[in-house]
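Visitor: Give me the fold of what follows.
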Amino acid sequence: MKITIWEDTTSYIINGTRMVENTGIAGVAPTASLTVNETPVAGFVVAPGEARSITMDDINSIALTGTGGTASANIKISFSLNYKF
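Guide: Numbering: from 1, shown residues only. Got it, this is the predicted structure:
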C-alpha cells in the first residue's frame, strides 16, 4: 500500500531530511519503503523495529509504501523542509 505524505505545490526548490521509524514486530510486520518524487529511494527500506533517515534535495513529493508482513505496524515519519527563495 502506497500513501502520499506530502506534495509540493510551490515553484520553490525544497531540500530536507526525512526520518522513518517502523514500530512493528520483527518477523510479522510489514517493511516501509520511501518514495521521493514518485521514485523509490534505492535501499531505503525500514524493517520492523528499525529507524532510518535521509537528506535529499529538490523534493517534490514524499510517500511511503508498506510491503509484506502478516500483521500491521505503526510507521512514524517526520521531516524538515528547507525552502530556497
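Visitor: since we're on residue 50, how many residues are nearby?
Guide: Using other Cβ atoms under 10 Å, residue 50 has 15 other residues around it. To be clear about C-beta, it is placed using only N, CA and C from the backbone, and glycine gets the same treatment.
Visitor: Which residue is the nearest non-sequential neighbour of it?
Guide: Nearest in space to residue 50, with sequence neighbours left out and distances taken as Cβ to Cβ, 6 or more residues apart in numbering, is residue 22 at 5.8 Å.
Visitor: The one you found reaches residue 31, doesn't it?
Guide: Yes. With contact defined as Cβ atoms under 8 Å, residue 22 counts as touching residue 31 (6.9 Å).
Visitor: Need the overlap of contacts for those two.
Guide: 46-48 (Cβ atoms under 8 Å, 6 or more residues apart in numbering).
Visitor: More neighbours: which of residue 22 and residue 31?
Guide: The residue with more neighbours, out of residue 22 and residue 31, is residue 22; 25 against 18, by other Cβ under 10 Å.
Visitor: For that one, list each beta-bridge partner.
Guide: Under DSSP bridges, the beta-bridge partners of residue 22 are residue 75.
Visitor: Which pLDDT value does the model give it?
Guide: Confidence at residue 22, expressed as pLDDT, is 97.
Visitor: Look up the pLDDT of the spatially closest residue to residue 71 that is not a sequence neighbour for me, please.
Guide: Once flanking residues are discounted, residue 71 sits nearest to residue 28: 4.3 Å by Cβ to Cβ, 6+ apart. Here, the pLDDT recorded for residue 28 equals 95.
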